[in-house]
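> coords please:
(one chain, ligands or ions: 1)
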Amino acid sequence: MEKDIRSLDYSEIQEEMERLGEKEFRGRQIYQWLHEKMKDTPREMTNLPEKLRNTLCTQYACSDLEIVDVLESKADGTRKYLFRLGDGNVIESVLMKYHHGNSVCISSQAGCRMGCRFCASTLGGLTRNLLPGEMLDQVYKISKHTGERVSNLVLMGTGEPLDNYENVVKFIRMLSDEHGLHISQRNITVSTCGIVPGIYRLAEEGLQITLALSLHASTQEKRRELMPIANKYALPEVMEACRVYFQKTGRRMTFEYSLVGGVNDSGEDAERLAKLLEDRNCHVNLIPVNPISERDFVPPNRQAAADFKRKLEKYGINVTIRREMGRDIGGACGQLRKSYLDRTGGKGED
Ligand code: SAH
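Now for the predicted structure:
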């Protein structure tokens, strides 16, 4: 397969130009076209000699996602994008508009192999990892489509970021590179289901990002029922890895807790969660589960969610209930992609 030119970082593209016998500044120009001006193909790089443009077009691939569908929520302006990758696979991303700016939620893999019970992204398994260029282009295409700057990024779409470790870390460095969109690492959140070696490794990268752990249960037994990954990395190990992550990076972690009615939303669940998080400088994000048709999980009623939150607050825990955005357009992880694949018989083509 040809090298994806959009996945080369600032120094790699310069080395590549050197290898081709081109002047050093060509690398800088190309990087600027791809990552600052967010152009789709080398054909648009008008300050390059035609010969070089042709070389780039023939000898390299260039991630260029095609917008297949855009759904806009009438309730809150959230937009869901369905993109087709170069090989025909489809992925989804979401744009959420907040007072503090635009936040984009991207996919890190086509499909997922983690098997969390309530999650639609994992139902068809993992198809493949996304390249850094394919993650970047989700942001670029959305930014161009809306004509607005993206200020925050969350890796909470389809896929497990730490199961595609190298590409994800490279993507983060490129997204925050001053020669590209230069999005502050403090505005980037990586969410993981709890791959322990990945958490330790990430702690050593010197990144200023926020790490979010999908906790969803306060005991190993309950967590295992919801998240198969807990069979591999037990709750105490994950919590220890998070402690080390905070010590090493000084970055306050987020714990995500999807509230499932009658499963993990009782008063005892809240008390246990509070104990588990005692003495940690962290933030808890409660997400009323977004039901998917393949499972019979239901969200808690409003009262139960509010009680759960109040219990945690009583213990001094910093907690928010995530606003349900885009519920009317299939808000939860992987739902748009899944309905598209169902409609097209899994081939990803209309
Ligand atoms: N693989 C990463 C990112 C996935 S999605 C992870 O596991 O963290 C981001 C969050 O949404 C995770 O906490 C995930 O568990 C949660 N999630 C997925 N499907 C959901 C649903 N139907 N309802 C509520 N939360 C869901």
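
> C-alpha from now on. contacts and neighbour counts both.
Fine.

> Tell me the bridge partners for residue 98.
Taking DSSP bridges as the rule, residue 98 bridges to residue 101.

> what's the neighbour count on it?
12 (other C-alpha atoms under 10 Å).

> Also the one 3 residues further on?
Using other C-alpha under 10 Å, residue 101 is surrounded by 13 other residues.

> How about the residues of the stretch 1-150 of the chain by the ligand?
Contact residues, the stretch 1-150 of the chain versus the ligand (C-alpha under 6 Å from any ligand atom): 118, 119.

> Let me see the backbone angles for the residue nearest in space to the middle of the chain.
Centroid-nearest residue in the chain, with C-alpha atoms, centre = their mean: residue 155, separated by 1.5 Å. Backbone torsions of residue 155, given as degrees, to the nearest 10, read phi -90, psi 80.

> quick one: it and residue 118, what's the gap?
According to C-alpha to C-alpha, to the nearest Å, residue 155 stands 18 Å off from residue 118.

> what does residue 183 give?
Taking C-alpha to C-alpha as the measure, residue 183 falls 31 Å from residue 118.

> Have a look at those two and say which one is more surrounded.
Here residue 183 and residue 118 are compared on neighbour count by other C-alpha under 10 Å; more neighbours surround residue 118, at 24 against 20.

> dump the residue contacts of that one.
By C-alpha atoms under 8 Å, 6 or more residues apart in numbering, residue 118 lies in contact with 226, 289, 291, 292, 295, 297.

> From what I see, the residue nearest to the centre of the chain and residue 193 are in contact.
No - counting by C-alpha atoms under 8 Å, residue 193 is not a contact partner of residue 155; they are 11.8 Å apart.

> near the ligand, anything from the helix or strand of the chain at the bottom of the mean pLDDT ranking?
Lowest by mean pLDDT, DSSP states H and E among the helices and strands of the chain is helix 335-343, with a mean of 76. No - against the ligand, helix 335-343 shows no contacts by C-alpha under 6 Å from any ligand atom, the least distance being 8.4 Å.

> I'd like to know which elements that helix is packed against.
Counting contacts by 3 or more C-alpha pairs under 8 Å, 6 or more residues apart in numbering; DSSP states H and E, helix 335-343 is packed against strand 79-84, strand 90-98.

> Go again with 10 Å.
Contacts defined by 3 or more C-alpha pairs under 10 Å, 6 or more residues apart in numbering; DSSP states H and E place helix 335-343 against strand 66-72, strand 79-84, strand 90-98, strand 109-111.

> For the ones you listed, give me CSV that also has mean pLDDT.
Converted to CSV, those look like this (pLDDT from 0 to 100):
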stretch, mean pLDDT
strand 66-72, 96
strand 79-84, 96
strand 90-98, 94
strand 109-111, 97
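
> And the residue nearest to the centre of the chain, how far from residue 171?
Taking C-alpha to C-alpha, one finds residue 155 at 11 Å from residue 171.

> Please tell me I have it right and residue 249 contacts residue 201.
No - look at residue 249 against residue 201 with C-alpha atoms under 10 Å: they stay out of range, at 11.6 Å.
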